[in-house]
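1. With the input below, show me the fold.
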Amino acid sequence: MTATGLGAAVARLNGISLSYDVRGDGELVLLVMGTGSPGRVWHLHQVPALLREGYRVATFDNRGIPPTSECADGITIEEMVGDTAALIEHLGGGPARVVGTSLGARIVQELALARPDLVSRAVAMGAHARLDAVGRALTTGEIALHDQGIVLPPQFHAAVKAVHNLSPATRRATSIQDWLDVFEMTGSEIGAGERAQLALCAGMGDRRAAYGAITVPLLVMGFADDSTIPPHLSREVAEAVPGARYVEVPDTGHFGYLERPAAVNEIVIDFLGERPTGDEKRT
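-> Numbers count the residues shown, from 1 in each chain. You can find the predicted model right below:
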């Protein structure tokens with residue numbers, strides 16, 4: 001069975017069972033999701049848009065998110081980067097276009113640094129080289145809720161998630177009840193794998209100096225109303241990486257790729273479709 005048009009599959013990669021999905025033909029785009037979310041989140045808006053552009057599109061469940069191995073004993077960023085690299089190699093090798101959001105952006109940034117041979121162009125949504133004090137407190141607070149066995153009432157959890165992840169513009173829209181209904185259904189209880197992802201995020205240090213060595217063409221996307229990864233943290237990444245571009249999408253929170261998918265997709269597709277200039281070619 002070939003990787004092209006494969007659909008859902010599980011492979012033993014980088015020492016774990018990794019669940020992934022590949023659709024379409026053409027040049028590979030790999031999408032990397034953030035903390036606690038499965039790869040299928042990309043299928044609502046981004047995968048169809050990229051398929052229309054003629055790409056082969058792969059999504060996957062990061063370690064910590066079943067049916068990929070949960071790795072409840074602990075997760076490192078190096079392991080998550082290794083998983084992503086192994087999947088690109090499994091799908092035929094690089095270089096590939098790679099797009100990530102939140103923790104996925106951090107993985108993409110580290111992949112571009114460690115394995116530039118596997119990445120032709122990179123997009124980091126909700127990019128960050130560090131967490132600020134509020135972000136770290138929120139992350140450690142979620143870990144504490146898990147460890148103390150606290151499950152928030154569904155309606156309260158939905159409201160908190162909306163405030164943390166959606167733009168005020170989205171919260172003013174008539175569709176806000178649909179968002180609240182989805183958040184309420186998912187509930188606040190998290191698994192051991194997500195807890196391990198959160199611990200990874202809480203423990204990561206400041207990587208601004210290291211990102212000065214990234215040579216891969218990078219688009220950094222900030223979401224203007226993001227209270228989880230405020231846009232000033234994304235701008236720091238663009239400032240640290242030589243030649244990186246920064247774009248900020250208005251009226252978007254942490255879930256900007258779901259709140260304003262048409263605008264986000266247009267920016268991503270335009271960047272991914274560019275051909276390397278002389279300055280971007282690597283030997």
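2. any low-confidence regions in this protein?
-> 1-6, 276-283 (pLDDT under 70).
3. just the helices in it please.
-> Taking DSSP state H, the helices of the chain run over residues 46-52, 77-90, 103-114, 133-147, 154-165, 168-172, 176-186, 192-203, 231-240, 256-259, 261-272.
4. Identify whichever of those lies nearest to residue 121.
-> helix 261-272 (5.7 Å; CB to CB). Quick note: C-beta positions are derived from backbone N, CA and C, even for glycine.
5. list the buried ones in that closest one?
-> Buried positions in helix 261-272, judged by neighbour count with 16 or more other CB atoms under 10 Å: 261, 263-265, 267-269, 271-272.
6. between the helices of the chain, which one is nearest to residue 32?
-> Checking these against residue 32 by CB to CB gives helix 103-114 as the closest, at 3.5 Å.
7. Using PDB, write out every CA atom in that closest one.
-> C-alpha atoms of helix 103-114 as PDB (Å, rounded to 0.1, in the frame of the first residue of the first chain):
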ATOM      1  CA  LEU A 103       2.300  23.300  20.500                       C
ATOM      2  CA  GLY A 104       2.300  22.200  16.900                       C
ATOM      3  CA  ALA A 105       3.900  25.500  15.900                       C
ATOM      4  CA  ARG A 106       6.600  24.800  18.500                       C
ATOM      5  CA  ILE A 107       7.200  21.400  17.000                       C
ATOM      6  CA  VAL A 108       7.400  22.900  13.500                       C
ATOM      7  CA  GLN A 109       9.900  25.500  14.700                       C
ATOM      8  CA  GLU A 110      12.100  22.900  16.400                       C
ATOM      9  CA  LEU A 111      11.800  20.600  13.300                       C
ATOM     10  CA  ALA A 112      13.000  23.400  11.100                       C
ATOM     11  CA  LEU A 113      15.900  23.900  13.400                       C
ATOM     12  CA  ALA A 114      16.900  20.300  13.800                       C
END
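8. Which neighbouring elements make contact with that helix?
-> Counting contacts by 3 or more CB pairs under 8 Å, 6 or more residues apart in numbering; DSSP states H and E, helix 103-114 packs against strand 28-32, helix 77-90, strand 96-101, strand 119-125, helix 192-203.
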